[in-house]
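# I'd like to go over a predicted model; first the sequence, then the structure.
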Amino acid sequence: MKSRTLKLREAHKVGGTAAAFCSILWDQKAEHFVTSSSSDPSISVHDGLSPSSSPPTILRHHQDGVTALALSQDSSFLASGSIDHCVKLYKFPSGEFQTNITRFTLPIRVLAFNGSGSLLAAAGDDEGIKLINTIDGSIVRVLKGHKGPVSGLDFNPNGELLASLDSNGTVLCWELQSGIVSYTLKGVAPDTGFSTSVVNILRWSPDGRILAVPGLRNDVVMYDRFTGEKLFALRGDHLESICYITWAPNGKYIATSGLDKQVLLWDLDKKQDIDRQKFEERICCMAWKPNSNALSVIDVRGKYGIWESLVPSSMVSPTVGIPDILPKRRNEILTFDEEMEEELSPSLNDDDDDDDDDGASHQPSRKRIRRKTVIEDDVDPDEEFYDEGSSIPGYRKKSHGVRSGLPRNIARSTKFKMQKPFQPGATPPKQGKRTFLCYNMLGCITTIEHEGNYRIETDFHDTGRGPRVSSMIDIYGFTMASINESGCAFANPSKGEKNMSVLMYRPFRSWASNSEWTMRFEGEEVKVVANGSGWVAAITSLNLLHIFSEGGLQVSSFAFYGLSCVTIDKHVISLDGPVVTATGCKDQLAVVTHVSDCLPSNEQVMEFRVLNISKMTRQLSGRVALTPGSHLTWIGFSEEGSFSSFDSEGVLRVFTSQYGGSWIPVFSTTKVNKQEENYWVVGLNTTSLYCIACKHPELFPQVTPKPILSILDFSLPLASSDLGAASLENEFIIKQLRLYEECTQRRVDDMAFAEVDTTAIEDEAFDLVFSQDRCILRLISSCCSRDKFVRAGELMRLLSLEKSMRAAITLVTKLKLPFLAEKFCSILEEKLLEEANEATENHPQNPSREVVKSKVQNCPAPVQTSENTEAVLKASAPKPSPTTLVRKAKVSEGLKLGKEQIKRDETDDVKKREVNKLNLMKNPVNSVNSDDKGLRKEANQQDARPSSNPFLKSIV
């Protein structure tokens, strides 16, 4: 690529060797272009058709150098900003002076009109961005959030977003209708300091989908319009940082100038530079000629030139395919209604209020012009916006803003971004209303602000489970809390250097007085808190996990042994990603963190880890499963340690040990069919979800009146079956999941090892086996009625109790299905033979194969009967008599209770067992209670019952 040389002519004189920032721009019809210089108080309006022959029109109204120019899109108004702190408005192209539209306390650096010309944005060294109504000159709003001079401003072509860039390299994208920051890109552009000749510039693409920002690697980085996600970067032959960017009218090309005195032309489709120009001085401003293949440039010495035919003729012209985006009509001014003002800017009296929070918008007490927007009704109440300072998932401020030109479903997906941290069980703060800091199955913590003071109250759902806790005056402004039987932890965000983030722990019982303690965090901010048995955890903005003992000792693990305690030197743990949320239960702490930015499909990428604080081990870890396009709204533990999550699409998942660790969806709101309700999760037990139903579009419950807990049965997102027995299949899978888990087996082994009586837990497991067999028998009946005999055979193999299998044989016999009864008999023979072989390995005198065959041969023969299926089920299903409840059977391979069998006379035992089983073969239905004593001995000789996974009975 050959470099060319362009001759420049002088427009403004720059004295000495100092560099100045000079501006150049074209009007809409390419009939005039305007230049200015920070070293010259005058503005020159040039004839675009014959600039060399016609002298420019000179506008002399400023007292000092002109640092910024802006033309409205229809080229009817020209605005200028100067070092003299004034912003002036002119008619164009006549140059007739209109008014001093506003004034700053420091020099002005940048101006920008919105698409309709009704709004002018002005900014400079004051750090605040003023939005000015060009009709009457009133200040509509002042946006504060930058920490350095603002040098770049650009309205999105649709007029709903404003992008700003400061000298520190930080980008803020503002939603104009609400005045809040949509997203922040910190330190993505070069740091230009306080130089007046080098500025940071950013530009929206003509279609408004991409934001171009100078990068840190001598490149241009493209960001997504809504999410701020990095899309790609243009990196070529620039040797130093890029200082100016301008798009071609059709958005297919982009020109960049750098500190290396080069101007490069880029092809966006190929993502590479296609031409360049080398200049003697640095080019500080550029503008495309609207109706031709030409680019005007001006350098730091006030010399300008026009680069003609810069795009090769073999390529698409920059004037072909210009996006047709209609801005708002000129008489439509931004709407800022009373409700929005009170929510976003409760106490702003002047333009110079201190800025405490990044992204906060401030509105002065001057005139406010309002109108009713014509598209307010088009705002989707389900649209979710993430406030920069909110710690609540799904929290959205009320917005009456203009919607995107994209279809609604696309706008919803593209606005999704990386989820902000949230505290489980907390609700968004509301002025003058009581809100939840924490709500779980144990109790709740509420707070309310009254006359500048906060009052916190703690209540237990069951007053017998916890002590009576007195209310507390909150001087810190806590926004998050965690509660268990031992105490509660509180934390608040940082409010500037003087008001650091604070963590407080308040025990409910203590042997010593004054047992409360507080910790302050300097240079970091607490995002999430959690507490458990003898520990308190706080996760901060620096991705640090701080663990404290109940007494306030900073430890990485704190374990009690009797009355003594063991501490470890390391008191802080680094996490490998930004925190999303955390929760604790007993010795377990679960932490969810981001792995990366959102995927292009707007899916969150998160991982979790479950830590055992007392043992200093990681029990579980893995990715967090979420419904595509959703975000996490709740996590929690069960009493036995099962980890659960709930997402914004209404899917509840439980982490199990299946397939080496996987998430099982056990509930979906799509199965509830109540579209007018949103569910705010509190906890779950073995079969049900505990939640609070909120009427759509509300996402969070109110504290008063006291919310009522709803209990919803688990409903798996199953495919529609041809059996027509969806409820039975749902019940069967839930019971099968519980049986699969090894939690119960591990509990039995641990209890047996500790010489603790395991009778209660064994009976609980057997009750679950018995209940599952009844469900399977009903499914077998449904399969027989729909002629699904192969499926019935598969269900037969899943039966656990021998008596249940004989009941199934009786069922199909009475349903006049002799071939199926024969198949069931062969399955029973295989099961008895397998049990006999296993028993022979442990007891050589157990029955032989021939004895087993002889027992199976006595299976009931097919009979002709007219009894209905339900009657057969009632007659053949095993009944929970004392004899059956003692019966133990193998459910899954390799699961045994491992209890030592009592030695007895093997010969007598075999004879009694044979007599009892032969009696059962002759009369499988009516002989359930025939010989309790014999069956109890038989039960003690069989393999152990399977383990069950009690999902957890309650959540703390």
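Cool, the structure landed. Numbers count the residues shown, from 1 in each chain.
# any idea of the mean pLDDT in stretch 111-131?
Stretch 111-131 carries an average pLDDT of 91.
# wait, stretch 428-443
According to the model, stretch 428-443 has a mean pLDDT of 89.
# Report the buried residues of it.
428, 429, 434, 435, 436, 437, 438, 439, 440, 441, 442, 443 (16 or more other C-beta atoms under 10 Å). The C-beta positions use only the backbone N, C-alpha and C, and glycine is treated the same way.
# swap in stretch 140-157?
140-146, 148-157.
# low pLDDT regions in the protein?
1-4, 325-416, 451-452, 496-498, 555-571, 640, 673-675, 739-758, 760-761, 842-956 (pLDDT under 70).
# could you pull out the helices for it?
338-344, 408-414, 726-740, 743-753, 759-785, 789-798, 802-814, 818-842, 849-856, 869-876, 882-886, 906-922, 932-941 (DSSP state H).
# Are there helices or strands packed against the fifth one, and which ones?
Just to be clear, that refers to helix 759-785. Here helix 759-785 touches helix 726-740, helix 743-753, helix 789-798, helix 802-814, helix 869-876, helix 882-886, going by 3 or more C-beta pairs under 8 Å, 6 or more residues apart in numbering; DSSP states H and E.
# one step back: farthest-separated two in the buried residues of stretch 428-443?
429 and 441 (23.4 Å; C-beta to C-beta).
# Go through the buried residues of stretch 428-443 and say which is closest to residue 9.
Looking across these and measuring by C-beta to C-beta, the closest to residue 9 is residue 428, at 59.5 Å.
# my guess is the closest one meets residue 701, correct?
No. With contact defined as C-beta atoms under 8 Å, residue 428 does not count as touching residue 701 (11.4 Å).
# To what extent is residue 223 buried, counted in neighbours?
For residue 223, the neighbour count with other C-beta atoms under 10 Å is 22.
# That one: what's it in contact with?
Residue 223 makes contact with 171, 185, 210, 211, 212, 213, 229, 230, 231 under the criterion C-beta atoms under 8 Å, 6 or more residues apart in numbering.
# Out of the buried residues of stretch 428-443, which is nearest to residue 696?
When the buried residues of stretch 428-443 are compared against residue 696 (criterion: C-beta to C-beta), the nearest one is residue 428, at 16.9 Å.
# Tell me which residues of stretch 643-654 come out buried.
643, 644, 645, 646, 647, 648, 650, 651, 652, 653, 654.
# Could you do stretch 826-842 as well?
In terms of neighbour count (16+ other C-beta under 10 Å), stretch 826-842 has its buried residues at 827, 828, 829, 831, 832, 835, 836, 839.
# rewinding a little: filter the buried residues of stretch 140-157 down to just the ones in strands.
In this view, the buried residues of stretch 140-157 that belong to strands under DSSP state E are 140, 141, 142, 143, 150, 151, 152, 153, 154, 155.
# wait, which of the residues you listed is closest to residue 681?
Nearest member of these to residue 681, counting by C-beta to C-beta, is residue 143, at 36.4 Å.
# wouldn't that closest one be in contact with residue 129 here?
Yes. Here residue 143 reaches residue 129: they are 4.2 Å apart, a contact under C-beta under 8 Å.
# residues shared between the contacts of those two?
162, 164, 174.
# quick one, what contacts the second one?
To tie it back to what came earlier, the one meant is residue 164. 123, 129, 143, 146, 150, 152, 153, 171, 172, 173, 174, 202.
# Tabulate those (CSV), appending distance to residue 299.
Output for the contacts of residue 164, formatted as CSV (distance: C-beta to C-beta, whole Å):
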residue, distance to residue 299
123, 24
129, 28
143, 32
146, 28
150, 24
152, 19
153, 22
171, 26
172, 30
173, 31
174, 32
202, 21
